[in-house]
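**Student:** I'd like to go over a predicted model; first the sequence, then the structure.
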Amino acid sequence: MVVKKTIGEKIFDFLNILFMAIFSFLCIAPILHVLFASFSDPLQLMRNQGIILKPLGFTLKGYQLVFRMPGILTGYKNTLIYVIGGTLINILMTSIGAYVLTFKNWGYTKFLMILVVITMFFSGGLIPSYLLMQKLHLTDTRWALLIPGAISSWNLIVMRTGFMSIPASLQESARIDGAGEWTILFRIILPLSKAVLAVMTLFYAVGHWNSWFGAMVYLRDRAKFPLQLILREILVQESQTATVSQFSQVIKVGELNMYKPLIKYTTIIIATVPVLCFYPFVQKYFMEGVMVGSVKE
Amino acid sequence: MSVAITKKKKNIPQQNFHFNWKEIKRNFIRHRAIFLMSIPVLIYYLIFYYAPMYGVVIAFKDFSPKLGILGSSWAGLKHFYDFFNSYYFSRLIKNTLLLSFYSILWGFPAPIIFALLLNEIKYERFKKGVQTITYMPHFISLVVIAGLIKDFVATNGIINDLIVYLGGERSNLLINPSLFRTIYIVSGIWQSVGFNSIIYLAAISGISPELYEAAVIDGAGRWKQVLHITIPSIAPTIIILFILQIGNLMNVGFEKVLLLYNDSILETADVISTFVYRKGLLEFNYSYSAAVGLFNSVINCILLVAANFTSRKISETSLW
């Protein structure tokens, strides 16, 4: 259908595109600023005013320093453990839960559903959860970051909605052919739910990659700290002793002020770029991952 | 519906809860594979969601880790009274409500407007590019966001460069109590407007094109189409998300506040959840802190139920 545009519409279209372009620039500008700053010469960086839209000089010194800092490397390793292990547990538990909840005509599933939905709106809160973790002897173990968040009720419901869009006849015919429930889940349901699986994997993985609060509350041993906790020391609590000792392992005290901004920008980049490179591949499935409206039956 | 099913196939029981133990037993045996499958999930929920809910009873006790939950003596509503009468009570309530109120006022309409505007763009590649870029901030960790904010608003940061350029004076904006809410909300919108628009774009894409075609035949221009078709069609989504927001009113972005606040801005930045964290995990007042947390959850629940009730009466859209 071709309808000729009025002048008002043309003006609107132009302003709309202009607005979107400016807004996109505002979204990406801080990231570009940090990216270019991380490659910039520290002296020019100190003198610079305003936003950086091209590297000021060029140096890889920041990256050399950052990868020599012991906290960063162990942090990176730990974060990978938490992201991979945690996401595997998340996806396994959430798909089992979602599969069970697709099973209808049975009072038991309805009971489970109520159990799940209540947790979306009410929780015990920080202190009781902390005391529980202590009681279970999970504090200061890696499990403290892997198990407690195994299922997010929101994601469970989204995944269930995804599973329910698969024709029930497929399951029925598999059942008649003698397939067990596990076979149906892993051989039929999951392979047919790639979109929802991709989104859930991304959301869970990014959640693990970016999380810091659980680690701060439950972990004491620095050898188990994820990257975000080390970042917090470097970016947010600059003056504290743990941070200063981090810095002093790679640079002389006299050079600290010169290299500190460079190290800050570089750590931001190494902590952020992996995620930013990953999500565009899953982006086309996002719409399927946000259908929260389907909480209602 | 359940009646129809029972008529068709006698062996499929009704969906409703009814305690016919024989039938329940028969069901568990017939569906034992599903039942077995549900056990790890059930146990997980009972331990990690429901045990802490039981743990909330420490709010009514004088909890001591040595004695455990059962062994500690009852304290009644003492901790609640202590909180209501404390110097911090009014400040915390005010800060939490104001931060939440302004977040909703500015942050809630923003993604809706963004989705409506983006929907009007017909160049698919430009649209997709805008989406990819505006989703980006959502994936940046709060630690990094807090680091960026601290760096940008610092005395020698780029926001101050701009202020000087516009004729103002340099200062560290993050130690100015009157600016905390602005910083919190502007950075929040920056981070989430793109990503939060997805759900509205999904709702818009579900609208039948026939509606628009009919409107064009009736002579509706683009503005009229948005006003009379797009907005009414996504209204249920907007209402549901609004109810959920109201039900979360007291849980303002706790982690972000925790990362950003400092002693000089506590008078505007300290909210209930950060207070719970400090009292409980830094000062070990477990019972007092759990009481404050419970108060917070109860207010949230009341707000959620009230918002849902109001919406059901007015618009016939509701969560349950």
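**Tutor:** Received the coordinates, thanks. Numbering: from 1, shown residues only, chains lettered A, B, ... in the order given.
**Student:** Show the contacting residues for the residue nearest the centre of chain A.
**Tutor:** Centroid-nearest residue in chain A, with Cα atoms, centre = their mean: residue A:206, separated by 1.6 Å. Applying Cβ atoms under 8 Å, 6 or more residues apart in numbering or on different chains to residue A:206 gives the contacts A:275, A:279, B:139. Glycine gets a C-beta too; all of them are placed from N, C-alpha and C.
**Student:** mind checking pLDDT for the residue nearest to the first one when sequence neighbours are not counted?
**Tutor:** Just to be clear, that refers to residue A:275. If the residues on either side of it in the chain are set aside, residue A:275 comes closest to residue B:139, at 4.8 Å by Cβ to Cβ, 6 or more residues apart in numbering or on different chains. With respect to pLDDT, residue B:139 scores 93.
**Student:** do the same with residue A:107
**Tutor:** 78.
**Student:** What is the burial count for it?
**Tutor:** 18 (other Cβ atoms under 10 Å in any protein chain shown).
**Student:** repeat for residue A:129
**Tutor:** The burial count for residue A:129: 22, using other Cβ under 10 Å.
**Student:** Please apply the same query to residue A:136.
**Tutor:** By other Cβ under 10 Å, 16 other residues sit near residue A:136.
**Student:** Now it: phi and psi?
**Tutor:** Main-chain torsions, residue A:136, degrees, to the nearest 10: phi -80, psi 0.
**Student:** how far away is the closest residue to it other than its chain neighbours from residue B:311?
**Tutor:** Once flanking residues are discounted, residue A:136 sits nearest to residue B:47: 7.8 Å by Cβ to Cβ, 6+ apart. Distance, residue B:47 to residue B:311, by Cβ to Cβ, to the nearest Å: 34 Å.
**Student:** Tell me which of these two has more neighbours.
**Tutor:** Per other Cβ under 10 Å, whichever of residue B:47 and residue B:311 has more neighbours is residue B:311, with 19 against 14.
**Student:** quick one: average confidence on the helix or strand harbouring that one?
**Tutor:** In the assignment (DSSP states H and E), residue B:311 maps to helix B:286-315. In this model, helix B:286-315 has a mean pLDDT of 90.
**Student:** in terms of contact, does residue A:68 touch residue A:251 like I think?
**Tutor:** No. Proximity of residue A:68 to residue A:251 does not meet the contact threshold set by Cβ atoms under 8 Å, at 9.3 Å.
**Student:** Point me to the residue of the stretch 151-297 of chain A nearest chain B.
**Tutor:** residue A:235 (2.9 Å; Cβ to the nearest Cβ).
**Student:** related to what we said a few turns ago, of residue A:68 and residue A:251, which one has the most company?
**Tutor:** residue A:251 (19 against 12).
**Student:** Chain neighbours aside, what residue packs nearest to that one?
**Tutor:** Nearest to residue A:251 is residue A:259, by Cβ to Cβ, 6+ apart, at 5.3 Å.
**Student:** tally of neighbours for that neighbour?
**Tutor:** Neighbour count for residue A:259, taken as other Cβ under 10 Å: 19.
**Student:** list the contacts for it?
**Tutor:** If you count contacts by Cβ under 8 Å, 6+ apart, then residue A:259 has A:42, A:61, A:62, A:65, A:251 around it.
**Student:** go on, residue B:128?
**Tutor:** Counting by Cβ under 8 Å, 6+ apart, residue B:128 touches no other residue.
**Student:** now swap in residue B:135 and tell me
**Tutor:** Counting by Cβ under 8 Å, 6+ apart, residue B:135 touches A:279, A:283, A:286, B:194, B:195, B:198.
**Student:** By neighbours, which of these wins?
**Tutor:** The residue in the contacts of residue B:135 with the most neighbours, by other Cβ under 10 Å, is residue B:194 (26 neighbours).
**Student:** hang on, the earlier thing: who are the packing partners of the helix holding residue B:311?
**Tutor:** helix A:107-121, helix A:126-135, helix B:78-85, helix B:231-246, helix B:272-277 (3 or more Cβ pairs under 8 Å, 6 or more residues apart in numbering or on different chains; DSSP states H and E).
**Student:** How about the residues of the stretch 51-200 of chain A by chain B?
**Tutor:** Within reach of chain B by Cβ under 8 Å from any Cβ of the partner chain, the stretch 51-200 of chain A has these residues: A:51, A:93, A:96-97, A:99-100, A:103-108, A:110-112, A:115-116, A:119, A:121-132, A:134, A:136, A:147-148, A:150-151, A:180-182, A:185.
**Student:** can you list the domains in the chain?
**Tutor:** You didn't say which chain, so I picked chain A. Split into domains by automatic domain parsing, chain A comes to A:1-59, A:70-221+A:282-295.
**Student:** could you do chain B instead?
**Tutor:** Domain assignment of chain B by automatic domain parsing yields the ranges B:14-76, B:79-315.
**Student:** Does residue B:205 touch residue A:287 like I think?
**Tutor:** Yes. Between residue B:205 and residue A:287 there is a contact under Cβ under 8 Å: 7.0 Å.
**Student:** of these two, who's got more company?
**Tutor:** Taking other Cβ under 10 Å, residue B:205 and residue A:287 do not tie; residue A:287 has more neighbours (17 against 9).
**Student:** tell me which strands and helices the strand or helix carrying the more buried one is in contact with?
**Tutor:** For residue A:287, the host element (DSSP H and E) is helix A:286-289. Counting by 3+ Cβ pairs under 8 Å, 6+ apart, the packing neighbours recorded for helix A:286-289 are helix A:194-210, helix B:180-205.
**Student:** Turn these into a markdown table, including mean pLDDT.
**Tutor:** Listed next are the helices and strands packed on helix A:286-289 as a markdown table, based on pLDDT from 0 to 100:
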| stretch | mean pLDDT |
| --- | --- |
| helix A:194-210 | 91 |
| helix B:180-205 | 92 |
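**Student:** Same list, these, but as TSV with distance to residue B:226 please.
**Tutor:** Below are those laid out as TSV (distance: least, Cβ to Cβ, whole Å):
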stretch	distance to residue B:226
helix A:194-210	28
helix B:180-205	10
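**Student:** Quick check: which of these is nearest to residue A:173?
**Tutor:** Smallest distance to residue A:173 across the helices and strands packed on helix A:286-289 (Cβ to Cβ): 20.9 Å, for helix A:194-210.
**Student:** and residue B:17, what pLDDT?
**Tutor:** As predicted, residue B:17 sits at a pLDDT of 55.
**Student:** typo on my end, it should be residue B:21
**Tutor:** Each residue has a pLDDT score; the one for residue B:21 is 78.
**Student:** Also residue A:290?
**Tutor:** Note for residue A:290: predicted pLDDT of 67.
**Student:** quick one, strands of the stretch 1-150 of chain B?
**Tutor:** With DSSP state E, counting those that start in this stretch, the ranges of strands along the stretch 1-150 of chain B come out as B:61-62, B:73-74.
**Student:** Deepest in the core, which of those strands is it.
**Tutor:** Between the strands of the stretch 1-150 of chain B, the one whose residues have the most neighbours on average, counting mean count of other Cβ atoms under 10 Å in any protein chain shown, is strand B:61-62 (a mean of 18).
**Student:** Name every strand pairing with that strand and say which way it goes.
**Tutor:** Sheet pairing of strand B:61-62 (DSSP bridges) gives strand B:73-74 (antiparallel).
**Student:** Let me see the mean pLDDT of the strand it pairs with.
**Tutor:** Mean pLDDT, computed over strand B:73-74, is 87.
**Student:** Name the residues of stretch B:291-301 that are buried.
**Tutor:** Neighbour counts over stretch B:291-301 (16 or more other Cβ atoms under 10 Å in any protein chain shown) mark B:291, B:292, B:293, B:294, B:295, B:296, B:297, B:299, B:300 as buried.
**Student:** This completes my enquiry, with thanks.
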